[in-house]
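**Student:** need a structure here:
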Amino acid sequence: MTPTPRTQWAAGGVLWRTSSRDGVEVAVVHRPRYDDWSLPKGKTHNGELLIATAARETVEETGYDGRVGRHLGTVEYTLKPGVEKKVAYWSIAAGGGRFVANHETDDVQWLPVDGAARTVSYDADRAILAAFSAYPADELHQLVVVRHATAGRRSRSSKDHARALDDNGAEQARALVGLLGLFGPAHLHAADRRRCVQTLEPLSRELRSDIVIEPTLTEEACAADPDASYARLRELAAPTAGVRVLCSQGKAIGPLLKRWAQEAGVTLPSTRTRKGATWMLTLRGDTLVQADYLPSPFGEQDRR
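**Tutor:** Take a look at the predicted model:
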């Protein structure tokens with residue numbers, strides 16, 4: 001009987017920036033241990049979401065922090081007999097920082113995508129670069145949609161709109177600060193429900209930003225006038241300086257995203273939006289091009 005291979009998970013990023021000469025250029029790193037050129041990546045820590053691994057490893061290997069964008073895919077290969085490796089990648093827009101040689105990477109090059117594809121040592125990296133170049137990175141923007149964290153039972157509250165987060169939900173809300181912070185949030189919006197507002201309050205305090213209340217994006221409003229709810233969601237998805245984050249309810253998020261995806265011809269991952277989970281919506285202009293599902297910072301298995 002052949003034993004089931006063990007899977008080792010890792011994550012990385014296509015770190016990109018724009019230059020006046022080459023337009024979009026991406027970072028590739030040299031690893032002295034293997035004497036190869038690759039995209040920045042590394043193994044996930046215990047309990048860490050893969051997207052957080054991608055952001056952390058990109059900083060560690062390049063010296064640049066960044067704003068995480070769309071998921072680019074997952075590659076897999078045999079690391080050694082009995083061990084399969086899977087690496088998930090995200091697009092990451094470079095922010096501040098500078099490269100300092102370290103024991104993992106001793107050089108970095110910023111190259112146009114085609115130059116990076118010629119430089120990297122592995123076909124798997126070239127496949128991710130091809131996925132990255134499917135859309136012009138500098139023309140994309142994101143809207144982040146979050147389902148509220150866990151709250152007390154509906155039966156225990158006579159006024160559902162006032163139902164508050166429970167202890168687990170409060171912990172989820174605090175954990176969301178780190179996750180949502182990866183996306184460069186600047187504008188916060190919440191459906192007109194206490195638990196939706198409370199889910200974003202820790203992030204609001206971190207950013208020192210107010211939360212805009214959205215009466216048309218509750219479950220009840222969506223059921224009563226879905227066209228108005230859909231129109232408001234599309235308004236929030238318009239390009240703006242900084243990323244908008246919206247917190248709403250499951251029975252609003254599900255129908256609205258399904259409608260938008262069908263109109264745009266985008267395939268949604270087949271998953272139920274759990275409490276505390278996030279959707280990263282990527283747009284080019286007003287056109288939805290991709291929808292990525294991210295589990296709650298704890299309580300769901302993050303495997304792609």
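
**Student:** could you name the helices and strands sitting against the one helix or strand Tyr230 maps to?
**Tutor:** Element membership of Tyr230 [criterion: DSSP states H and E] is helix 226-236. Using 3 or more CB pairs under 8 Å, 6 or more residues apart in numbering; DSSP states H and E, the elements in contact with helix 226-236 are helix 219-224, strand 243-248, helix 250-264. The C-beta positions use only the backbone N, C-alpha and C, and glycine is treated the same way.

**Student:** cutoff 10 Å now
**Tutor:** Applying 3 or more CB pairs under 10 Å, 6 or more residues apart in numbering; DSSP states H and E, one finds that helix 226-236 contacts strand 140-147, strand 185-191, strand 211-214, helix 219-224, strand 243-248, helix 250-264, strand 278-284.

**Student:** if you count neighbours, what's buried in that helix?
**Tutor:** By neighbour count on 16 or more other CB atoms under 10 Å, the buried set for helix 226-236 is 229-230, 232-234, 236.

**Student:** how about stretch 22-34?
**Tutor:** Buried residues in stretch 22-34, counted by 16+ other CB under 10 Å: 24-31.

**Student:** avg pLDDT for it?
**Tutor:** If you average the pLDDT over stretch 22-34, you get 95.

**Student:** only C-alpha atoms, please: export it in CSV.
**Tutor:** The C-alpha coordinates for stretch 22-34 follow below in CSV (Å, rounded to 0.1, in the frame of the first residue of the first chain):
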residue,chain,number,x,y,z
ASP,A,22,9.2,49.8,-18.0
GLY,A,23,5.7,50.3,-16.7
VAL,A,24,4.8,47.4,-14.4
GLU,A,25,7.9,45.5,-13.1
VAL,A,26,8.1,42.7,-10.6
ALA,A,27,10.6,41.5,-8.1
VAL,A,28,12.5,38.2,-8.3
VAL,A,29,15.0,37.1,-5.6
HIS,A,30,18.2,35.1,-5.7
ARG,A,31,18.5,32.4,-3.0
PRO,A,32,22.1,31.5,-2.3
ARG,A,33,21.2,28.2,-0.8
TYR,A,34,19.8,26.9,-4.1
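
**Student:** from the chain's centre, how far out does that stretch sit?
**Tutor:** A distance of 22 Å separates the centroid of the chain from that of stretch 22-34, by CA atoms, centre = their mean, to the nearest Å.

**Student:** which parts of the protein are helices?
**Tutor:** 50-62, 113-119, 123-132, 167-181, 194-207, 219-224, 226-236, 250-264 (DSSP state H).

**Student:** redo those helices as a markdown table? Include distance to Asp107 and mean pLDDT.
**Tutor:** Below are the helices of the chain laid out as a markdown table (distance: least, CB to CB, whole Å; pLDDT from 0 to 100):
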| stretch | distance to Asp107 | mean pLDDT |
| --- | --- | --- |
| helix 50-62 | 11 | 97 |
| helix 113-119 | 11 | 98 |
| helix 123-132 | 16 | 98 |
| helix 167-181 | 29 | 95 |
| helix 194-207 | 35 | 98 |
| helix 219-224 | 52 | 97 |
| helix 226-236 | 42 | 98 |
| helix 250-264 | 41 | 97 |
